[in-house]
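Trainee: Just the structure for this:
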Amino acid sequence: MPRRKRNTSDAAELVWNMAWLILLGLFGTLPWLRSLAYVLIGAGVVVVIWRLVRYFKFTRPLNIAQVDEMSGPEFERFIAKLLAYQGYEVRCIGGLDDYGVDLIASRGGRKHAIQAKRWKQPVSIEAVRAAIAGMAYHHCDRAVVITSSHFTRPAKELARGTQCLLIDRQQLALEIGKWQQAQKPSS
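Mentor: Numbers count the residues shown, from 1 in each chain. Model prediction:
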């Protein structure tokens, strides 16, 4: 059975119901309802703090070692922000039906199909094949594979023969460094 996507009205309804429970607990006469209200308020504060920490952690430029701590989706969002800094208009694709493309970056009338791989092991030829297939499917001009690791020799050879751009750990670290320099206030 496919999982139903949660829409915003479900979230709004949940927040609305929690607000009613909190109000009833704080102004009602039932002690257990008052306890529940305090628990809900505490949980809400924890969630807000957690979201703020995550937001500020991944909106500022990071170094390459901190990239290694990211999950795959966090890495994709980070690459999207890095590309946006470089002047690209970025659209996130991702998911099960991405056809080998996590992001589509456009600039100067050219579209780039980007496969982002936050891996510890070297990225194989399969990632290059997926990016090339995704480039064709999404009608892009170029395929790009970005990794926090390195590429295998067969991946490099296929990329060379198909004009697929490979960005490895060293190149990514250089781009992150440029971003960090741009973020520093000038004195």
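
Trainee: host element of the closest residue to residue 129 other than its chain neighbours?
Mentor: Closest residue in space to residue 129, ignoring its immediate chain neighbours: residue 158 at 7.0 Å, by C-beta to C-beta, 6 or more residues apart in numbering. Every residue, glycine included, has its C-beta placed from N, CA and C. Using DSSP states H and E, the element containing residue 158 is helix 153-162.

Trainee: what helix or strand does the nearest residue to residue 85 once chain neighbours are set aside sit in?
Mentor: In space, not counting the residues next to it along the chain, residue 85 is nearest to residue 179; the distance is 5.5 Å by C-beta to C-beta, 6+ apart. Taking DSSP H and E as the criterion, the element that holds residue 179 is helix 169-183.

Trainee: and what of residue 146?
Mentor: Here residue 146 is covered by strand 142-147, with elements defined by DSSP H and E.

Trainee: Equivalent analysis for residue 119, please.
Mentor: When secondary structure is defined by DSSP H and E, residue 119 falls outside every helix and strand.

Trainee: can you pull the contacts of it?
Mentor: If a contact means C-beta atoms under 8 Å, 6 or more residues apart in numbering, then residue 119 has 147-149 as its contacts.

Trainee: got JSON lines for the residues you listed, with neighbour count too?
Mentor: Formatted as JSON lines, the entries for these read as follows, by neighbours: other C-beta atoms under 10 Å:
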{"residue": "147", "neighbour count": "23"}
{"residue": "148", "neighbour count": "23"}
{"residue": "149", "neighbour count": "16"}
